[in-house]
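> after the sequence you'll find the predicted model.
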Amino acid sequence: MIDTKYIKSLLIISFLLITQLCTAQFINQRFPATDGWGGTGFNAIENDSGYITVSGYISTITGKQNVRVVQTDFSGTVLHENIFGDTINYYVGYQNSLTKLANGGYAMFGGLSTSINSESVGVLYRFNDVGDVIWTKTYGDSLYFQTGRHMRQTLDGGFILFGDNATPSEYLWVIKTDSLGVIEWEQTYGGPNYEGAAHIAVCADGGYVFSGNTKSLGPNIPNEVNIRIMKIDSLGNEEFTKVFGEDGVDSPWAVEPTQDGGFIFGGSIKHDIDDQTKPYAIKMDNLGNVAWETSPPPPSGNSGSTGFNAILELSDGSFVGGGVQFETDSLTWGKRNGLVIKMDANGDTLWRKQYRIPGMDGNGTDFHINDMRTTSDGGFICAGVVYPAAPDTGTQDMWLLKIDSNGCADSACSLITSIPNTQNSSLNTNSLAVYPNPTNGIVTIELPPKSTSASFRLLNINGIEVFNQNINSSYNQIDVSHLSKGIYFYRYRDKKQGYAGKLVVQ
């Protein structure tokens, strides 16, 4: 039976979470283009006025692709927008390409079509603080397909640009420029088969790390796509190449530097064992050695076309990834929802949430999160796309989602879920037994059969590890009486299986 101390601890935590939710600002809405369709949000960044977003859409006037820059306030009301496009196609860079610059304004690497063979060249767009185009620079020869995908500002104030270059084979394309977009060096990588650019990041040592698709390296080439992660120095010389994937199609998207000098990667992987596509994260050190990798399984149903499009490290060393979750069940058609997963410093899932616009529940109506960035209130701003299907109306539009630090998209959300009062427990053959729960101090841990020794870890509600003890036998007792009263998340992962749950300390 749960005593009054336990109830009091839950009330205190609930009060703190409710207080946070009441002060949080939320956005969950679509932004149709005023003169077009096919909108897709690829970037969203917080600024002093609210959020600046960049999306692409097709103009109903010219029939061409346009670049759309939208500035909203913190509640999602549009303050102004700028359209870049005319009688040729202008292409937005991939998700997260928009970069806020240290000297003010923004930049993005995308592309435009030319009159020569309808091919494309790369374009560096330089915007001011309100999204007006200050200048553009083009890169490439227009003879073959060349386009920009991603970029970052470099340590010297210039730009590192990343894209696709088919001249005539398909290569990964890296260009280093000064602050005005003048080329300092450029290089192509990969081959001899298909290569596709995704993300590039600036490393603390002045070099760069980037991710892309490859049919040149890894399993089942050249029939299937694998993940290539490369590190180059400040002059473009290769330092290492790592390849990940299995026999199916595997997709790279985000790669970002971490506080310890390494990297965090996010994408998707299709596992041979169950033929399921899952979110895929890899933590690497500065030499490319894997510290851990994880592919969190879906909560239920089929998980085809599921993965991360964005991933980032938070200041406390935890990670958060955003993307898409596809699920089916016996009652509905498959639906794709916006997905956010919060992970601790070791890649264990702290929470996992899916998102849609309320009221848009038509079978086949899909939501994708493309970009995800932190905000000053500790939450996240996400840009994506909504694909409506009957009975939902409208066209494919940009989607803007603002959530708080717990992944809540509205004030009715709560991190607290029901916690079983497991004062005594018999061991389930497929689970970890942790009891009594709630506990006053001594906790018994029974391992599943054939489980090997590993660390039993506790994390507080902020995802910070507060307890770590190695478990060496099938029956163990640990003392957690030194911990503050409240709710903790336990993690135990041996070589075959991971286990997670909640433990209440009274």
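Here it is on my side, so go on.

> which stretches of the stretch 351-500 of the chain have low pLDDT?
For the stretch 351-500 of the chain, applying pLDDT under 70 flags the ranges 414-431, 450, 452, 462, 494-498.

> could you redo the last one with a cut-off of 50?
Residues of the stretch 351-500 of the chain meeting the criterion pLDDT under 50: 415-430.

> in it, which spans are helices?
Counting by DSSP state H, counting those that start in this stretch, the stretch 351-500 of the chain forms no helices at all.

> so the residue nearest to Tyr189 when sequence neighbours are not counted: helix, strand or coil?
Leaving aside its sequence neighbours, Tyr189 sits nearest to Leu172 (Cβ to Cβ, 6 or more residues apart in numbering; 4.4 Å). C-beta coordinates here come from the backbone N, C-alpha and C atoms, glycine included. Classification of Leu172 by DSSP: H, G, I helix; E, B strand; the rest coil places it in strand.

> need the distance between the two termini of stretch 94-107.
13 Å (Cα to Cα, to the nearest Å).

> my bad, should have said stretch 52-72
6 Å.

> and that stretch, which residues are buried?
By neighbour count on 16 or more other Cβ atoms under 10 Å, the buried set for stretch 52-72 is 52-59, 64-72.

> related to what we said a few turns ago, give me the neighbour count for the residue nearest to Tyr189.
For Leu172, the neighbour count with other Cβ atoms under 10 Å is 26.

> what stretches of this structure score poorly on pLDDT?
Checking the chain against pLDDT under 50 turns up 1-7, 9-22, 415-430.

> go ahead and flag the most central residue of it.
The centroid of the chain falls nearest to Ala310 when counting by Cα atoms, centre = their mean (2.4 Å).

> that residue contacts His368, doesn't it?
No - at 10.9 Å, Ala310 does not count as touching His368 under the criterion of Cβ atoms under 8 Å.

> residues shared between the contacts of those two?
Gly323 (Cβ atoms under 8 Å, 6 or more residues apart in numbering).

> contact partners of stretch 279-292?
Stretch 279-292 is contacted by residues 203, 205, 229, 231, 240, 242, 244, 250, 258, 260-269, 293-296, 306-308, 311, 319, 321, 323, 339, 341, 343, 346-347 when judged by Cβ under 8 Å, 6+ apart.

> hang on, I meant stretch 229-237
Stretch 229-237 is contacted by residues 172, 174, 176, 185-187, 189, 203, 205-212, 238-244, 252, 255, 263, 265, 282, 284, 288 when judged by Cβ under 8 Å, 6+ apart.

> filter those residues down to the buried ones and hand me the ChimeraX line.
Paste this into ChimeraX to select the buried members of the contacts of stretch 229-237, with burial taken from 16+ other Cβ under 10 Å:
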select :172,174,176,187,189,203,207,208,209,210,211,212,239,242,243,244,252,255,263,265,282,284,288
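
> so which of the contacts of stretch 229-237 belong to strands?
172, 174, 176, 185-187, 189, 208-212, 238-244, 252, 255, 263, 265, 282, 284 (DSSP state E).

> burial check on the closest residue to Leu459 other than its chain neighbours, number of neighbours?
Nearest non-adjacent residue to Leu459, counting by Cβ to Cβ, 6+ apart: Phe489, 4.7 Å away. Neighbours of Phe489 under the rule other Cβ under 10 Å: 20.

> ok, Val225 next?
Count around Val225 with other Cβ under 10 Å applied: 24.

> check the one 10 residues further on too.
Other residues lying near Leu235 total 11 when counted by other Cβ under 10 Å.

> which SSE is immediately downstream of the host helix or strand of Ile45?
For Ile45, the host element (DSSP states H and E) is strand 36-46. Once strand 36-46 ends, the next helix or strand along the chain (criterion: DSSP H and E) is strand 51-59.

> show me the contact partners of that next one.
Strand 51-59 is contacted by residues 27, 31, 33, 35-45, 64-72, 74, 76, 85, 91-92, 97-98, 106, 108, 131, 381, 383, 398, 400, 402 when judged by Cβ under 8 Å, 6+ apart.

> now it and strand 36-46, what's the angle there?
160 degrees (axes from the mean of the first three to the mean of the last three Cα atoms, to 10 degrees).

> my guess is Gly191 contacts Ser216, does it?
Yes - between Gly191 and Ser216 there is a contact at 5.9 Å, judged by Cβ under 8 Å.

> between these two, who's got more neighbours?
The residue with more neighbours, out of Gly191 and Ser216, is Ser216; 18 against 14, by other Cβ under 10 Å.

> quick check: phi and psi at that one.
Per-residue torsions, Ser216: phi -100, psi -20 (degrees, to the nearest 10).

> skip the chain neighbours and tell me the closest residue to it.
Using Cβ to Cβ, 6+ apart, the closest residue to Ser216 is Asn193 (4.4 Å).

> name the element the one you found belongs to?
Using DSSP H and E, Asn193 sits within no helix or strand.

> that one is in contact with Gly218, isn't it?
No - with contact defined as Cβ under 8 Å, Asn193 does not reach Gly218; the gap is 10.7 Å.

> comparing the two, which residue is more hemmed in?
Using other Cβ under 10 Å as the criterion, Asn193 and Gly218 rank with Gly218 on top: 18 against 15.

> what about the residue lying closest to that one once chain neighbours are set aside, neighbour count?
In space, and not counting its chain neighbours, Gly218 is closest to Asn226: 3.2 Å by Cβ to Cβ, 6+ apart. With neighbours defined by other Cβ under 10 Å, the count for Asn226 comes to 25.

> which residues does Asn226 bridge with?
Taking DSSP bridges as the rule, Asn226 bridges to Thr214.

> OK, contacts around it?
Taking Cβ under 8 Å, 6+ apart, we find Asn226 in contact with Asn213, Thr214, Lys215, Leu217, Gly218, Pro219, Asn220, Val243, Phe244, Gly245, Asp250.

> how about 7 Å then?
Going by Cβ atoms under 7 Å, 6 or more residues apart in numbering, Asn226 touches Thr214, Leu217, Gly218, Pro219, Val243, Phe244, Gly245, Asp250.

> then Val209?
Val209 sits in contact with Ala201, Cys203, Ile229, Met230, Lys231, Val255, Phe263, where contact means Cβ under 7 Å, 6+ apart.

> Asn460 versus that one, what's the distance?
31 Å (Cβ to Cβ, to the nearest Å).

> could you do Gly212 as well?
Counting by Cβ to Cβ, the gap from Gly212 to Asn460 is 38 Å.

> with Ala345 instead?
From Ala345 to Asn460 the distance is 13 Å (Cβ to Cβ).

> got it, and Gly196?
Taken as Cβ to Cβ, the span from Gly196 to Asn460 is 41 Å.

> neighbour count for these two, which is higher?
Gly196 (21 against 15).

> what distance separates the helix or strand hosting the more buried one from the centre of its chain?
Using DSSP H and E, the element containing Gly196 is strand 195-202. The chain centre lies 15 Å from the centre of strand 195-202; the measure is Cα atoms, centre = their mean, to the nearest Å.

> pull the CA coordinates from it and hand them back as PDB.
Taking Å, rounded to 0.1, in the frame of the first residue of the first chain, the C-alpha atoms of strand 195-202 are listed here in PDB:
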ATOM      1  CA  GLU A 195      27.000   8.800 -52.900                       C
ATOM      2  CA  GLY A 196      24.500  11.200 -51.300                       C
ATOM      3  CA  ALA A 197      25.200  14.100 -48.900                       C
ATOM      4  CA  ALA A 198      23.300  14.600 -45.700                       C
ATOM      5  CA  HIS A 199      24.900  16.700 -42.800                       C
ATOM      6  CA  ILE A 200      28.200  18.300 -42.100                       C
ATOM      7  CA  ALA A 201      29.500  19.700 -38.700                       C
ATOM      8  CA  VAL A 202      32.500  21.700 -37.500                       C
END
